[in-house]
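Colleague: got a predicted structure plus its sequence, pasted below:
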Amino acid sequence: QVQLVESGGGLVQTGGSLRLSCAASGRTFRPNAMGWFRQAPGKEREFVAAISWNIGHTYYADSVLGRFTISTDNAKNTVYLQMNSLKPEDTAVYYCAARLYSASHDLRIDYNYWGQGTQVTVSS
C-alpha cells in the first residue's frame, strides 16, 4: 500500500502564497503521475494540477493556470503545489493523489491512492 500525507495548508489573505507538500511512503513508489485535487464545501472534488512522474509533463486546470505550479522531488517521493496570487475561490480542502498507470490526468477515478487532505482558506 501507498500512503500519501499532505501538509502546508493554512489561512492566507487574498494575493498571498502557500506551498503544499505531499509525501509518499509504503511500497516501492513508482507512480505514473501525481495530481492535486480540491473540494470546496458543497461542491464536487475538482482537478487542480498533475505531473507525470518520470517525464515531468504538467497539466493545470484553467482556473489555476499561471498561478499554481506543480513539481516533484523524486528522490524524496514528494510532490509540491506552489500556489501564488491566491483568491477566496481557491478556498478548499486540497488532496494529493497518485496514479499508477497511464490514464486521464484530470479524472478522479483514474487515481489509485489519495491523501487525507489539507485545508486552504483564503480570506478576502
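Modeller: Alright, I've got the coordinates.
Colleague: so which helix or strand takes in the residue positioned nearest the centre of the chain?
Modeller: Per CA atoms, centre = their mean, the C-alpha nearest to the average position across the chain is that of Trp36, at 2.1 Å. When secondary structure is defined using DSSP states H and E, the element that contains Trp36 is strand 33-39.
Colleague: and that strand, what does it pack against?
Modeller: Contact here means 3 or more CB pairs under 8 Å, 6 or more residues apart in numbering; DSSP states H and E; on that basis strand 33-39 packs against strand 18-26, strand 46-52, strand 68-73, strand 78-83, strand 92-99. Just so you know, the C-beta spots here come from the backbone N, C-alpha and C atoms, and that holds for glycine as well.
Colleague: reformat the ones you listed as CSV; add distance to Val5 and mean pLDDT.
Modeller: As requested, those are arranged in CSV below (distance: least, CB to CB, whole Å; pLDDT from 0 to 100):
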stretch, distance to Val5, mean pLDDT
strand 18-26, 5, 95
strand 46-52, 18, 98
strand 68-73, 14, 97
strand 78-83, 10, 98
strand 92-99, 8, 97
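Colleague: would TSV of the ones you listed with mean neighbour count and distance to Ser124 be doable?
Modeller: Output for the helices and strands packed on strand 33-39, formatted as TSV (neighbours: other CB atoms under 10 Å; distance: least, CB to CB, whole Å):
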stretch	mean neighbour count	distance to Ser124
strand 18-26	18	16
strand 46-52	21	20
strand 68-73	18	19
strand 78-83	22	16
strand 92-99	23	15
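Colleague: for Ala61, find the nearest of those strands.
Modeller: Using CB to CB as the measure, strand 46-52 is the one of the helices and strands packed on strand 33-39 that comes nearest Ala61, at 5.4 Å.
Colleague: after that closest one, next one along is what?
Modeller: strand 58-60.
Colleague: residues making contact with that following strand?
Modeller: Contacting residues not belonging to strand 58-60 are listed as 48-52, 68-70, 105-106 [CB atoms under 8 Å, 6 or more residues apart in numbering].
Colleague: of those, which is the nearest to Val12?
Modeller: Sorting those by distance to Val12 puts Phe68 at the head of the list, at 13.5 Å, by CB to CB.
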